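Chemist: quick one: sequence and predicted model below, then my questions.
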Amino acid sequence: MNPETPIGNNEIRLTRDRFDGIYIAYFARLCRFAGTYVQSEEAAENIVQNVFLFLWEKHHSLRIRTSISSYLYTLVKNKCIDHLRHQKIDRDYRAGQALRLAALEQLDTGLITGEDPEATVTAAIDRLPPRCREVFILSRAEGKKYSEIAQILGISVNTVENQMGIALRRLRKELEHLL
């Protein structure tokens with residue numbers, strides 16, 4: 001039986017055989033679809049596995065009124081969005097933790113020298129050339145990838161890499177007394 005065939009009133013009800021057929025027919029396609037968004041084969045497979053797990057756990061109460069293909073792709077798309085949102089939250093949290101850790105590690109130095117390490121770092125960042133500063137902040141403070149920064153600023157990824165290199169060299173040199 002075709003996994004797309006609706007049963008009465010245009011509803012699709014899942015039996016074990018039908019579920020197995022749908023899994024075989026769609027798993028690889030859905031993994032490729034998810035992989036284009038989450039950029040990780042492992043994450044894509046986990047997302048698709050979770051969709052099929054949901055589908056099986058709810059198969060007694062589910063009444064699918066669209067094609068199974070549309071339903072599955074919509075579920076996978078929504079799970080990909082959830083995954084990407086979670087990644088961004090996690091990345092932002094880790095970036096904040098790294099900044100707090102760096103400030104804490106510099107606390108002893110600041111107490112000894114009387115310097116405020118955070119103010120020193122902020123001042124050093126402020127003295128960077130405008131484009132370097134902008135690229136550095138987007139990368140380190142906001143956690144953006146070089147490709148995202150390039151798109152936001154309308155420059156090439158190579159330019160982003162060069163500007164980050166300049167920013168890091170200048171900051172390393174200017175802040176070496178804190179390291």
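Modeler: Done, it's in.

Chemist: every contact and neighbour count from this point should use C-alpha atoms.
Modeler: OK.

Chemist: mind splitting the protein into its structural domains?
Modeler: 16-86, 106-178 (automatic domain parsing).

Chemist: and the ones you listed: which comes nearest Gly96?
Modeler: Comparison of the domains of the chain against Gly96 by Cα to Cα identifies domain 106-178 as nearest, at 7.6 Å.

Chemist: now that closest one: how far from the chain's centre is it?
Modeler: Relative to its chain's centre, domain 106-178 lies at 22 Å (Cα atoms, centre = their mean, to the nearest Å).

Chemist: so for that domain, mean pLDDT?
Modeler: Domain 106-178 carries an average pLDDT of 85.

Chemist: buried stuff in the longest helix along the chain?
Modeler: As assigned by DSSP state H, the longest helix anywhere in the chain is helix 68-105. Residues 68, 72-73, 75-77, 79-80, 83, 92, 95-96, 103 are the ones in helix 68-105 that count as buried (16 or more other Cα atoms under 10 Å).

Chemist: packing partners of the strand or helix carrying Ile24?
Modeler: Applying DSSP states H and E as the criterion places Ile24 in helix 16-38. Under the contact definition 3 or more Cα pairs under 8 Å, 6 or more residues apart in numbering; DSSP states H and E, helix 16-38 sits against helix 41-57, helix 68-105.

Chemist: right, so of the ones you listed, which gets closest to Ile152?
Modeler: Nearest of the helices and strands packed on helix 16-38 to Ile152, taken as Cα to Cα: helix 68-105 at 16.7 Å.

Chemist: hmm, who's touching the helix holding Ile24?
Modeler: The contact list for helix 16-38 (Cα atoms under 8 Å, 6 or more residues apart in numbering) reads 1-3, 41, 43-45, 47-48, 52, 56, 69, 72-73, 76-77, 80, 83-84.

Chemist: okay, among the buried residues of helix 68-105, which ones form the most distant pair?
Modeler: The span of the buried residues of helix 68-105, defined through Cα to Cα, is set by Ile68 and Ala103 at 52.5 Å.

Chemist: count the neighbours of Ile155 for me.
Modeler: Using other Cα atoms under 10 Å, the number of residues around Ile155 comes to 12.
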